[in-house]
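Chemist: I would like the atomic coordinates for the input below:
(chains A and B)
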Amino acid sequence: MAQPLLLRRFLASISWKPPQGGLAPLCSRPLQTPWHSPSGLAVIPSQVRSVFTTKVSTTTFNIQDGPNFQDRVVDSERPVVVDFHTQWCGPCRILSPRLEKMVAKQQGKVVMAKVDIDDHTDLAMEYEVSAVPTVLAMKNGDVVDKFVGIKDEDQLEAFLRKLTDRRACL
Amino acid sequence: MAALAAVLQSRSLGFPWLLRTWAGGARGAARGAAAGLHDYDLLVIGGGSGGLACAKEAAQLGRKVAVVDYVDPSPRGTRWGLGGTCVNVGCIPKKLMHQAALLGGMIQDARNYGWEVAQPILHDWRKMAEAVQNHVKSLNWGHRVQLQDRKVKYFNIKASFVDQHTVRGVTKGGKETLLSAEHIVIATGGRPKYPAHIEGALEYGITSDDIFWLKESPGKTLVVGASYVALECAGFLTGIGLDTTVMMRSIPLRGFDQQMSGLVTEHMVAHGTRFLKGCTASRVERLPSGQLQVTWKDLASGKEDMGTFDTVLWAIGRIPETRSLNLEKAGVNTNPDNQKILVNTQEATSVPHIYAIGDVAEGRPELTPTAIMAGKLLAQRLYGQSADLMDYDNVPTTVFTPLEYGCVGLSEEEAVARHGDDHVEVYHAYYKPLEFTVAERDASQCYIKMVCLREPPQLVLGLHFLGPNAGEVTQGFALGIKCGASYTQVMQTVGIHPTCAEEVAKLRISKRSGLDPTVTGC
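Modeler: Predicted coordinates:
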């Protein structure tokens, strides 16, 4: 599957990938939140799909493998929130959509990577995840913040604000 | 880093100094007191009940330990994560599905107790299976985290011996690694046996490796076998409302007390499980409808018969996982009849620094708690200055059939064989659980017997309990037997009322007396 790197990143950032467990409906977003690729171009979806209640954020993606994680999280220019979750975890199913929504509200300042710990156990072990959900805040490849368990929207907002407001010292 | 280490290990047979430097992967080799000669102090092959317990105990004692675990997919393609048979395709999912079946019965009972329950009561296999599978997956994860916490290195690789201290591991993708250790523990367990000479058996049948992972209901099922695996599976399948048949060649629950085994199957017959006794299957074919047609022979009459089923489950025994270990390369001997690894009381094999525990070892009970305890004791003997050996006597167990059978100690047959009929006294009782009364349940097979020596104080040799919550009831009495309880002491023990367990303490009628053993009221 040889695609030019830029095109791949471009497409990946639109997050066509359905969430765990099958085909999810893509909703057509209201036009007040234009979709942006990392290069800054506005993207208008070429297809119109029916509106569903679940929203899929453009700023969220599922991690495919180790190199994918390296590329999209460790080497990411933007801060990344990493959501370690799995299907057998009830609280994860509550936290993930909530976190996705709050990340989307940050309007591209931060993106979210979802890691299923059953599919990527080695990665989870590497980041010392023991209980799920575990959420890491990563900047320039380093873990700068972390929480375990469910948080409400206000708490998530504060968590994300801390991540985006922090000035990187490099 | 770990990948680099693996490459170096696999290529550097001629450079042992490199092996030592990179040993143990990226995290660094500071932990533990690894003898300079080997990568690890202890290598455990098999991440099941025994293997994990041994590894964690050794690590706690400060050793450098690695566990290698690998699951070959079943012929049907089923695979699972870390934890071994118990966690993935044994005790855990079995007990959960058994519970699902029991709940069905309780919902029915509830009506008698005043609950308004709508008819009919339906069971959704998918919902149950998903819940059970999710729990198992959480246990797989839990084990991974535990190994991480205890600083045990884990590799998901298929191991085989290269020499007495070296093991080759192959990943799913075909990558090879070499691992060496001062001590090695083999805890690879077993897998279900497929019948050798039945046409279509492998192609169309499943085993206990598959039943718990089915996404869709097995439907009308034929369970072939008379083991506790067969009866437990047939039991819960019947309990959740599926048309279930058990085909047995001869006696049920070989090795268990036969009077009790007879009552277990009697209860299953009375509660909807069909039994084909004294029959063996000869052929399995697939019909155009997709269903399976099984042909069998009645051994007594010689007559052939046929039946149609959605699923055929083979539960005819288990074979140890030793074939692919290349044991000859290490000089580890096995029993030629059954391929199990020969061990002594120290769990040592024919090679002094190689041990075997759990289902893979000859003469050991195929039970999780004994494997765990043996593993821990072994680690203590190797690294903890202990000399304690595993005591395999008076190990309690329970068969989780619809009416549960808990036992500890000798069966009546064994006691008589050992001590002679004249020196054995058996006390017994048929009882009725209080909860069965209002629920109008049949308690005909609720029965207890205690096998004792006849000579005072009448040492208790064995206890057999058939009834609800048999596991919970038997556990406490196992302690009594471990402490050498006598029938005199049993008589002095006050019962808890109203329970089924109190009937054990109230046993007074002996078989020898010929009196009616039915318990009557308070």
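
Chemist: so which residues on chain A come close to chain B?
Modeler: A:86, A:87, A:88, A:89, A:117, A:118, A:121, A:125, A:128, A:130, A:132 (Cβ under 8 Å from any Cβ of the partner chain). C-beta coordinates here come from the backbone N, C-alpha and C atoms, glycine included.

Chemist: next one, pLDDT for residue B:70 please.
Modeler: We note a pLDDT of 98 for residue B:70 in this prediction.

Chemist: quick check: nearest residue in space to it, chain neighbours excluded?
Modeler: residue B:158 (4.1 Å; Cβ to Cβ, 6 or more residues apart in numbering or on different chains).

Chemist: could you do residue B:372 as well?
Modeler: residue B:53 (4.2 Å).

Chemist: report all helices and strands that the helix or strand hosting that neighbour contacts.
Modeler: In this structure, residue B:53 is located in helix B:49-60 according to DSSP states H and E. Contacts defined by 3 or more Cβ pairs under 8 Å, 6 or more residues apart in numbering or on different chains; DSSP states H and E place helix B:49-60 against strand B:40-45, strand B:65-68, helix B:84-89, helix B:125-149, strand B:176-186, helix B:368-383.

Chemist: residues contacting residue B:333?
Modeler: B:327, B:341, B:342, B:349, B:350 (Cβ atoms under 8 Å, 6 or more residues apart in numbering or on different chains).

Chemist: which residues sit in contact with the last one?
Modeler: In this structure, residue B:350 makes contact with B:331, B:332, B:333, B:342, judged by Cβ under 8 Å, 6+ apart.

Chemist: tell me the residues of chain B that contact chain A?
Modeler: So chain B meets chain A at B:81, B:133, B:134, B:135, B:137, B:138, B:140, B:141, B:144, B:145, B:148, B:149 (Cβ under 8 Å from any Cβ).

Chemist: number of nearby residues for the fourth one?
Modeler: Going back to what we said before, that points to residue B:135. The tally of other residues near residue B:135 (other Cβ atoms under 10 Å in any protein chain shown) stands at 14.

Chemist: so what's it up against?
Modeler: A:88, B:92, B:96.

Chemist: hmm, 10 Å instead?
Modeler: Contacts for residue B:135 (Cβ atoms under 10 Å, 6 or more residues apart in numbering or on different chains) come out as A:88, B:87, B:92, B:93, B:96.

Chemist: highest neighbour count among those residues?
Modeler: residue B:87 (25 neighbours).

Chemist: wait, it sits on residue B:81?
Modeler: Yes: using Cβ atoms under 10 Å, residue B:87 is in contact with residue B:81, at 8.3 Å.

Chemist: list the residues that contact both of these two?
Modeler: Overlap between the contact sets of residue B:87 and residue B:81, as judged by Cβ under 10 Å, 6+ apart, is given by B:47, B:136, B:137, B:139, B:140, B:143.

Chemist: the second one contacts residue B:85, doesn't it?
Modeler: I take that to be residue B:136. No: counting by Cβ under 10 Å, residue B:136 stays clear of residue B:85, with 11.5 Å between them.

Chemist: between these two, who's got more neighbours?
Modeler: The neighbour count for residue B:136 versus residue B:85, taken as other Cβ under 10 Å, is higher for residue B:85 (27 against 22).

Chemist: quick one, what contacts the closest residue to that one other than its chain neighbours?
Modeler: The shortest distance from residue B:85 to any non-neighbouring residue, by Cβ to Cβ, 6+ apart, is to residue B:189 (5.3 Å). Residue B:189 makes contact with B:46-51, B:84-86, B:90, B:318, B:320-321, B:357-361, B:366, B:371, according to Cβ under 10 Å, 6+ apart.

Chemist: where exactly do the strands run in chain A?
Modeler: A:35-36, A:42-43, A:60-62, A:80-85, A:111-116, A:134-139, A:142-148 (DSSP state E).

Chemist: hang on, the earlier thing: which ones among the contacts of residue B:333 map onto strands?
Modeler: Per DSSP E, the subset of those in strands is empty.

Chemist: show me those residues that map onto helices.
Modeler: Using DSSP state H, the subset of the contacts of residue B:333 located in helices is residue B:327.

Chemist: among the contacts of residue B:333, which two are most distant?
Modeler: B:327 and B:342 (10.5 Å; Cβ to Cβ).

Chemist: buried subset of the contacts of residue B:189?
Modeler: B:46-51, B:84-86, B:90, B:318, B:320-321, B:357-361, B:366, B:371 (16 or more other Cβ atoms under 10 Å in any protein chain shown).

Chemist: which single residue in chain A comes nearest to chain B?
Modeler: residue A:88 (3.4 Å; Cβ to the nearest Cβ).

Chemist: the residue nearest to residue B:70 and chain A, how far apart?
Modeler: Going from residue B:158 to chain A by Cβ to the nearest Cβ, to the nearest Å gives 17 Å.

Chemist: go on, residue B:280?
Modeler: Counting by Cβ to the nearest Cβ, the gap from residue B:280 to chain A is 40 Å.

Chemist: quick one: residue B:429 is in a helix?
Modeler: No: counting by DSSP: H, G, I helix; E, B strand; the rest coil, residue B:429 falls outside a helix, being strand.
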